[in-house]
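Asks: let's see this in three dimensions:
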Amino acid sequence: MCSPYLTYVDFLMIPFSFQQKAELPQHPLPIVSIGVGGIVHDAHYPAYQIAGFQVVGAYDRNAEQAQTMQEKFNIPQLYASLQEAVSQSPADAVFDIAVPGYAILDILREIPDGRAVLIQKPMGENLNDARAILKLCREKNLKAAVNFQLRFAPYIIAARSIIEQGLIGDVWDIEARIQTFTPWSIWPFLNGLPRLEILYHSIHYVDLFRSFLGTPEKVYAKTLKHPLNPQLASTCSTIIFDYGERARANIMTNHGHVYGQDKQESYIKWEGSKGAIQASMGVNLNYPLGERDIFEYVLLDERTTPEWKTLDIEGSWFPHAFIGTMSSLMRYVNGEMDTLPISVEDAFMTMATVEAAYESSEHGGTAIPQQ
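Replies: A predicted model of the protein is given here:
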């Protein structure tokens, strides 16, 4: 006869259930693309194909690029202008806006009131842009979300599922460490921009940390250029989130690690009172080819030596996380969920945290006292 008492050691042997996929809408809505550049090619459209979402039309200022995308992804219609895309779109279509931050506001002005829009991050180039975007979305009553898709990467969904079940206890430490070589030249639009690393990359981790721990009280940061990329704005950053005594949260990024893959790192780690999780993000390694993701966890038991275990996770950040952002917006528009987790209202606070990081970097640290 089995004992009615389940010890913690017994519990460790039971394969617990966990979620790792975003919930799809019961009634997917048609999608109209505004901007069909590299991120749409690599992530948006592959994700929508996996999810079964239909892109009914697309517009890009680069007609040749639009034609290439139409042929590769079987897009039914290309629009000759933004105005044509807006006027000829289905009444229930979601506008998928994938343009640089500086171009978002002008496009939103053309979107009819009350429509649904998914805006590629960042929410503008700075906090003033974010304020203007938020104000316009409110005035036009847009159902607007920002594509902070890392929240929906399969390994993030899995980590959140495990944490919400209380399996690793109270989370008191989150860390993101990115030590890789990133070929910035494949994004020529970044040349000349005053802000780069935090605004276009670490913003994902800033947003992710907020989704787990809330907006921090303060931020300490330093972001700087790398000698190998003097033509670019900063590509290396350290960000410390101040949650008081509640939790430690740090981000370290160095995109100029040219010393081989052996010492490259790309992971997010959660530590709690009962265990820990570490998710290695392969997309950042050997970019743009990427490496496989690795999801590991450990549950503490005072009678046994901690032993890390590996879970198989289906899918990755690119492209599968992009299913989640579009799904959540569609489900919100359909009334299948009451709140929109990546709303412009919430995204504004991510932008505010990013702005605080840049201000901290600009003002510098505390001088060392002299004798």
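Asks: show me where this protein dips below the pLDDT cut-off.
Replies: For the chain, the stretches flagged by pLDDT under 70 are 1-16.
Asks: so where do the strands sit in it?
Replies: With strands called from DSSP state E, the chain shows them at 31-34, 55-59, 94-97, 116-119, 143-146, 171-179, 218-224, 236-242, 248-254, 265-272, 275-280, 294-299, 309-311.
Asks: show me what the second one is packed against.
Replies: Think strand 55-59. strand 31-34, helix 63-73, helix 82-88 (3 or more C-beta pairs under 8 Å, 6 or more residues apart in numbering; DSSP states H and E). From N, CA and C alone the C-beta is placed, and that goes for glycine too.
Asks: tell me the buried residues in the lengthiest helix in the chain?
Replies: The longest helix of the chain (DSSP state H) is helix 344-363. For helix 344-363, the neighbour count (16 or more other C-beta atoms under 10 Å) marks 344, 346-348, 350-358, 360-361 as buried.
Asks: I'd say Asn320 and Tyr48 touch.
Replies: Check again: residue 320 is His, not Asn. No: His320 is not in contact with Tyr48 according to C-beta atoms under 8 Å; the separation is 11.2 Å.
Asks: among those two, which residue is more densely surrounded?
Replies: Under the criterion of other C-beta atoms under 10 Å, the comparison of His320 against Tyr48 puts His320 first, with 25 against 22.
Asks: excluding chain neighbours, give the residue nearest to that one in space.
Replies: Pro154 (5.6 Å; C-beta to C-beta, 6 or more residues apart in numbering).
Asks: how about the contacts made by that neighbour?
Replies: 20-21, 293, 313-316, 320-321 (C-beta atoms under 8 Å, 6 or more residues apart in numbering).
Asks: buried ones only from these, please, as a ChimeraX command.
Replies: Only the buried entries of these go into this ChimeraX selection, using 16+ other C-beta under 10 Å:
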select :20,21,293,313,315,316,320,321
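Asks: for the spatially most central residue of the chain, list the residues it contacts.
Replies: Closest residue to the average C-alpha location of the chain: Leu150 at 3.0 Å, with C-alpha atoms, centre = their mean. Leu150 makes contact with 156, 204-205, 207-208, 317, 321 under the criterion C-beta under 8 Å, 6+ apart.
Asks: one more pass at 7 Å, please.
Replies: Neighbouring residues of Leu150 by C-beta atoms under 7 Å, 6 or more residues apart in numbering: 156, 204, 207-208, 317, 321.
Asks: likewise for Ile198?
Replies: Ile198 makes contact with 223, 237, 354, 357-358, according to C-beta under 7 Å, 6+ apart.
Asks: just the closest of those residues to Leu300, please.
Replies: Distance to Leu300, by C-beta to C-beta, is smallest for Ser237 among those, at 31.8 Å.
Asks: go ahead and confirm the closest one touches Gly256.
Replies: No: counting by C-beta atoms under 7 Å, Ser237 stays clear of Gly256, with 11.7 Å between them.
Asks: look up how far Val344 lies from Asn141.
Replies: Asn141 sits at a distance of 12 Å from Val344 (criterion: C-beta to C-beta, to the nearest Å).
Asks: so who does Thr215 touch?
Replies: Listed by C-beta under 7 Å, 6+ apart, the contact partners of Thr215 are 349, 353.
Asks: hang on, I meant Ile111
Replies: 86, 95, 117, 140, 142.
Asks: most tightly surrounded among the helices and strands packed on strand 55-59?
Replies: strand 31-34 (a mean of 26; mean count of other C-beta atoms under 10 Å).
Asks: give the pairing partners of that strand; include direction for each.
Replies: Strand 31-34 has its sheet partners listed here by DSSP bridges as strand 55-59 (parallel), strand 94-97 (parallel).
Asks: just those: most buried one?
Replies: Highest mean neighbour count among the strands paired with strand 31-34 (mean count of other C-beta under 10 Å): strand 94-97, with a mean of 24.
Asks: can you name the residues in contact with stretch 68-80?
Replies: Stretch 68-80 has contacts (C-beta under 7 Å, 6+ apart) with 36, 40-41, 45, 55-59, 66-67, 85, 88.
Asks: widest-spaced pair of those?
Replies: For the contacts of stretch 68-80, the maximum inter-member distance is 23.0 Å, found between His41 and Gln88 (C-beta to C-beta).
Asks: for the closest residue to Ala233 other than its chain neighbours, grab the count of nearby residues.
Replies: Computed as C-beta to C-beta, 6+ apart, the closest residue to Ala233 that is not its neighbour in sequence is Leu196, at 4.0 Å. Number of residues near Leu196 (other C-beta under 10 Å) recorded here: 22.
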